[in-house]
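Student: pasting the structure only:
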DNA sequence: CTTGTAAATGAATGAACGTTCATTTATAGA
DNA sequence: TCTATAAATGAACGTTCATTCATTTACAAG
């Protein structure tokens, strides 16, 4: 009678295997892309036969959904838990948090935006909603700062996307041990972001040297 | 004796079919990703049997390489051909050019950076070299501007990546007929970029309201 | 020590994959 | 009109894919 397909796991060994599946899938998806990774490859990494994966996840798609959803959940929870010195400029908090988290969890971040199109529509909607919650954090900071005159942003939603795109690009080229430390990266980007939204006028084009 | 596998096409019909293959592959690759698209799907779009594709491209990989390489070539050629009013700030030229080109050729741009990892190493190296040539254009603008005191960038390579990442993110959310025109997008981003590299000091953190 | 069941196996399923190729069809140049 | 060959067909190639399932193995609870 034994129906397969993901019953509630309870034994400790099962939970540990499920974790190894997640870890292996994460590395493979990040390296080659969801569509180019086979269940057989994941099984090999885990040290198990392909069929055994289905004791832990009903389908390959569910592994992807699990990875992406738990990433977004972790990201939002990490922001809530982040601690900065009192009175630190909220924009500085966000920029430093974002850079640190995205360098720390580069694989999760990478697949969470590279593999969006491989999510079935229902799963896509869930992830997209979380993404918007995260963006809203920065939009809120910019809007409050603009209202108080501390920042000048003409369109807070656009500025949010610009800043997040700029910061999220870092893990694509940053390598540990390169000529810039993580601290230096943070400082460089923070400075650019601060200036980008600073309440200053730029003397327009057509000036020379 | 008829060996197959991509002889030099000469007949007009063949060139036209090859073009339709490129067009169909571009749309499919952009929509679903290289690995998730089958030669059969491309053949269906073109209105031809799968085997016929091999009269025009030796492998699926060669279609991808062709699309990405010609995109980079077109991009660099378009920059060389771009015309702006005399004495226009070179940074403004670059920002406006980049946004316009990337909105115009969204599919090509998209696959050229999403499908990098699906390129075989040899093809990857070729594309990557072109990409560096393009980045060097902006780095050069920033360095010259910094030397003359017009801009202030602490690290021109980092600023280059920051700016390009910021601008390249636009096509992921911009939709024609949205509440912002392309012109408005250009102006908003240009203003942020200008300020980000402007020679100004930002009064540091810990200030309130 | 027995038992229930979680976990893994080993083998199989049908479907889809990229690619090949002998053959047919179409067409430009002689 | 004949001919060479480009272009497309239709069928097949071997391989790999995600998934299923009856069976075996391992282990915690009674």
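Tutor: Perfect, I can see it now. The structure displayed is predicted, hence computed values, not measured ones.

Student: same question for the biggest helix by length in chain A, mean pLDDT?
Tutor: Using DSSP state H, we find that the single longest helix of chain A is helix A:121-147. Averaged over helix A:121-147, pLDDT sits at 97.

Student: what helices or strands is that helix leaning on?
Tutor: With contacts taken as 3 or more CB pairs under 8 Å, 6 or more residues apart in numbering or on different chains; DSSP states H and E, helix A:121-147 sits against helix A:60-81, helix A:90-104, helix A:156-168. In this view, the C-beta of every residue, glycine as well, is placed from N, C-alpha and C.

Student: so which bits of the first one are buried?
Tutor: This points to helix A:60-81. Within helix A:60-81, the residues that count as buried by 16 or more other CB atoms under 10 Å in any protein chain shown are A:60, A:63-69, A:71-72, A:75, A:79.

Student: and residue A:141, how close does it get to residue B:191?
Tutor: 19 Å (CB to CB, to the nearest Å).

Student: the two: which is more packed in?
Tutor: Shown here are residue A:141 and residue B:191; by other CB atoms under 10 Å in any protein chain shown, residue A:141 has more neighbours (22 against 18).

Student: tell me how many other residues surround the closest residue to that one other than its chain neighbours.
Tutor: The shortest distance from residue A:141 to any residue other than its chain neighbours is 4.7 Å, reached at residue A:90 (CB to CB, 6 or more residues apart in numbering or on different chains). Using other CB under 10 Å, residue A:90 has 19 neighbouring residues.

Student: quick check: residue A:90 touching residue A:143?
Tutor: No. Using CB atoms under 8 Å, residue A:90 makes no contact with residue A:143, being 11.2 Å away.

Student: could you find the closest non-adjacent residue to the residue nearest to the spatial centre of chain A?
Tutor: The residue lying closest to the centre of chain A (CA atoms, centre = their mean) is residue A:109, at 3.4 Å. Counting by CB to CB, 6+ apart, residue A:102 is the residue found nearest to residue A:109 once chain neighbours are left out, at 5.0 Å.

Student: OK, contacts around the one you found?
Tutor: Residue A:102 makes contact with A:109, A:167-168, A:170-171, according to CB atoms under 8 Å, 6 or more residues apart in numbering or on different chains.

Student: ok, now residue A:114?
Tutor: Residue A:114 neighbours (CB under 8 Å, 6+ apart): A:33, B:114.

Student: next one: residue A:27
Tutor: Residue A:27 is in contact with A:45, A:107, counting by CB under 8 Å, 6+ apart.

Student: tell me where the model's unsure across chain A.
Tutor: Residue ranges of chain A with pLDDT under 70: A:1-10, A:203-209.

Student: from chain B, how far out is residue A:80?
Tutor: Using CB to the nearest CB, to the nearest Å, residue A:80 is found at 21 Å from chain B.

Student: what's the answer for residue A:190, then?
Tutor: 9 Å.

Student: quick check, that residue in contact with residue A:96.
Tutor: Yes. Counting by CB under 8 Å, residue A:190 touches residue A:96, with 6.8 Å between them.

Student: redo the helices and strands packed on helix A:121-147 as JSON lines? Include distance to residue B:186.
Tutor: Shown next, in JSON lines, are those (distance: least, CB to CB, whole Å):
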{"stretch": "helix A:60-81", "distance to residue B:186": "31"}
{"stretch": "helix A:90-104", "distance to residue B:186": "24"}
{"stretch": "helix A:156-168", "distance to residue B:186": "11"}
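
Student: right, and those helices - which one's nearest DNA strand D?
Tutor: Judged by CB to the nearest atom of the strand, the one of the helices and strands packed on helix A:121-147 that comes nearest to DNA strand D is helix A:60-81, at 3.7 Å.

Student: is DNA strand D contacted by the closest one?
Tutor: Yes. Helix A:60-81 comes into contact with DNA strand D (CB under 7 Å from any atom of the strand), by way of A:60-61.

Student: now do the same contact list for residue A:194.
Tutor: A:91-92, B:202.

Student: of the residues you listed, just say which sits nearest to DNA strand C.
Tutor: residue A:92 (44.8 Å).

Student: give me the contacts around stretch A:147-161.
Tutor: A:91, A:135, A:138-139, A:142-143, A:145-146, A:196-200, B:169-170, B:173, B:180, B:185, B:188-189, B:191-192, B:207, B:209.

Student: give me the buried entries from those residues.
Tutor: Counted by 16+ other CB under 10 Å, the contacts of stretch A:147-161 give A:91, A:138-139, A:142-143, A:145-146, A:196-198, B:169-170, B:185, B:188-189, B:191-192 as buried.

Student: among the residues you listed, which ones lie close to DNA strand D?
Tutor: Near DNA strand D, by the rule CB under 7 Å from any atom of the strand, you find none of the buried ones among the contacts of stretch A:147-161.

Student: residue A:175: how many residues sit nearby?
Tutor: Residue A:175 is flanked by 8 other residues according to other CB under 10 Å.
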